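Participant: Let's see this in three dimensions:
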Amino acid sequence: MASEFASRMEGMLMVRQEILDELPKTDGLILDIDGVLIDASQSYRLAVCEAVRFFVERELGWIVDAPPITPDEADLFKRAGGFNNDWDLAQAAVLFLLFKGLRHGVKRLSELRRLSPTLEAFLSEVAAEGGGLLAAETVVVDKLELRQRRDLARLWKRRLIVQLAQEFYAGKKWCPLLFGYEPQYVDLEVGLLEREQVLIDLSLLPPDLKLGILTGRARRETALALERIGLSERIPPEFWVTDDDAPRKPDPRALALLAERLQTHCALYVGDTIDDLRMVNEYKLHPHRRAVFACMVLTGPNGEKNRSLFLEQGADIVATDINALLGYLRHVRKR
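Facilitator: Just a heads-up that it's a prediction; the model follows:
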């Protein structure tokens, strides 16, 4: 509850009172990338939206007289949980549209948007099933007739959806490096990743903190992101856990692995989604693990709207952005 928190930094940061005495001992930061170090709202989210539009219009031949999915709607998937991977999110968005289209026999987007279920209602059921792509598939298959399921299996081309999202994200310039192939469908030179903005002020980063990366990005994407941020020399690959590794985020064992590699005594995991927070909360259920507290920033999906959700779900710290956290840590660690 908010009453359990102490306000600091003129409202920029809220700290759970129980950990105030622990923060001066902080010796490590385990960092997410998207929404924490980089603003990816104009890259991954838009790549998902553009991929879904392309697939629905070019592959399915539907009438796209309304957006199949908006960036705000893409963020709703993140809020539902289980969609740490944006390529999974793209597949789930198409799955939802196919589900409604097959159920109602409609191929016009403006009409489809008016029909049930709403995306919010659908994602509520997905969240109740545990969240993520598998849960979305379970919800859909349970509601379709046998003939409709067969049509879904034929139309839902998951690999193509992922490739489209990757091509929109990376473009001709970065697709070979990041994904190992030349774009086949999207004629975009540099890709939406060029729109990403760095969020962290490196001058605020204490030089003695141990740093690790725990991200849903693949290893090549992580390397490029850290190079563009200016952290590639500060955080070597042995202190990364990416989507190419096992266990991977949001499995709490991935967090445990990284904490052990870093040999931290008191670390903060800095994330931006409900999946991040749930991962830390599950990690804490094992009392013999190294101390890790959850700092949730409001620069990720849904932004300020997540403040109350993070507090209700047990965040140790809620900060407007990573720089508010770093400024606070510099202050308390000097005591």
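Participant: neighbours around L46, how many?
Facilitator: L46 is flanked by 18 other residues according to other C-beta atoms under 10 Å. Where C-beta positions appear, they are placed from N, C-alpha and C, glycine not excepted.
Participant: quick check, it in a helix?
Facilitator: Yes: counting by DSSP: H, G, I helix; E, B strand; the rest coil, L46 falls inside a helix.
Participant: mind listing what it touches?
Facilitator: The contact partners of L46, by C-beta atoms under 8 Å, 6 or more residues apart in numbering, come to 71, 168, 192, 195.
Participant: make it 7 Å
Facilitator: Going by C-beta atoms under 7 Å, 6 or more residues apart in numbering, L46 touches 71, 192.
Participant: and it, what pLDDT?
Facilitator: pLDDT, L46: 96.
Participant: Repeat that for H331.
Facilitator: 88.
Participant: can I have whichever strand or helix holds it written out in CSV, keeping just the CAs?
Facilitator: Applying DSSP states H and E as the criterion places H331 in helix 322-332. Extracted C-alpha coordinates of helix 322-332, given in CSV (Å, rounded to 0.1, in the frame of the first residue of the first chain):
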residue,chain,number,x,y,z
ILE,A,322,16.3,5.1,-13.9
ASN,A,323,18.0,8.5,-13.4
ALA,A,324,15.8,9.2,-10.4
LEU,A,325,16.9,5.9,-9.0
LEU,A,326,20.6,6.6,-9.7
GLY,A,327,20.5,10.0,-8.2
TYR,A,328,18.9,8.6,-5.0
LEU,A,329,21.5,5.8,-4.8
ARG,A,330,24.3,8.2,-5.1
HIS,A,331,22.9,10.1,-2.2
VAL,A,332,22.2,7.2,0.2
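Participant: what are the ranges of the strands in this structure?
Facilitator: Along the chain, the segments classed as strands by DSSP state E run 5-8, 13-16, 28-31, 38-39, 197-198, 210-214, 240-241, 266-271, 291-297, 317-319.
Participant: so which of those gets nearest V126?
Facilitator: Nearest to V126, of all the strands of the chain, is strand 266-271, at 20.5 Å by C-beta to C-beta.
Participant: I'd like to know which elements the closest one is packed against.
Facilitator: Helices and strands touching strand 266-271, by 3 or more C-beta pairs under 7 Å, 6 or more residues apart in numbering; DSSP states H and E, are strand 28-31, strand 291-297.
Participant: Off-centre distance for the last one?
Facilitator: Mean C-alpha position of strand 291-297 versus that of the full chain (C-alpha atoms, centre = their mean, to the nearest Å) differs by 16 Å.
Participant: list the helices and strands that strand packs on?
Facilitator: Judged by 3+ C-beta pairs under 7 Å, 6+ apart, strand 291-297 is in contact with strand 266-271, helix 274-283, strand 317-319.
Participant: and R253, which of these is closest to it?
Facilitator: That would be helix 274-283 among these, by C-beta to C-beta, at 8.4 Å.
Participant: Please report the distance of V126 from K305.
Facilitator: Distance, V126 to K305, by C-beta to C-beta, to the nearest Å: 19 Å.
Participant: who's more crowded, these two?
Facilitator: Between V126 and K305, counted using other C-beta under 10 Å, the more crowded position is V126 (26 against 11).
Participant: ok, the more buried one - contacts?
Facilitator: Shown in contact with V126 (C-beta under 7 Å, 6+ apart): 80, 135-136, 139.
Participant: In a markdown table, list those along with neighbour count.
Facilitator: As requested, the contacts of V126 are arranged in a markdown table below (neighbours: other C-beta atoms under 10 Å):
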| residue | neighbour count |
| --- | --- |
| A80 | 26 |
| A135 | 21 |
| A136 | 28 |
| V139 | 21 |
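Participant: Can you add distance to D243 and pLDDT and give those back as CSV?
Facilitator: Below are the contacts of V126 laid out as CSV (distance: C-beta to C-beta, whole Å; pLDDT from 0 to 100):
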residue, distance to D243, pLDDT
A80, 19, 91
A135, 19, 97
A136, 19, 98
V139, 24, 97
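Participant: Which one of these is nearest to P236?
Facilitator: A80 (34.5 Å).
Participant: Distance-wise, check the residue lying closest to N323 once chain neighbours are set aside relative to A225.
Facilitator: Using C-beta to C-beta, 6 or more residues apart in numbering and skipping the chain neighbours, the partner closest in space to N323 is D201 (4.9 Å). Note on D201: its distance to A225, by C-beta to C-beta, is 16 Å.
Participant: just for this structure, where's the confidence low?
Facilitator: Counting by pLDDT under 70, the chain shows low-confidence ranges at 1-11, 335.
Participant: In this structure, which residue is most central in space?
Facilitator: For the chain, the residue nearest the mean C-alpha position is N84 (4.2 Å; C-alpha atoms, centre = their mean).
Participant: Skip the chain neighbours and tell me the closest residue to that residue.
Facilitator: G216 (4.3 Å).
Participant: Is that neighbour in contact with V241, as I believe?
Facilitator: No: contact criterion C-beta atoms under 7 Å: G216 and V241 do not qualify, at 10.2 Å.
Participant: For those two, list the residues in contact with both.
Facilitator: Contact criterion C-beta under 7 Å, 6+ apart; residues shared by G216 and V241: K249.
Participant: hmm, back to that, what about the residue nearest to the centre of the chain, distance to A246?
Facilitator: Applying C-beta to C-beta, the value for N84 to A246 is 14 Å.
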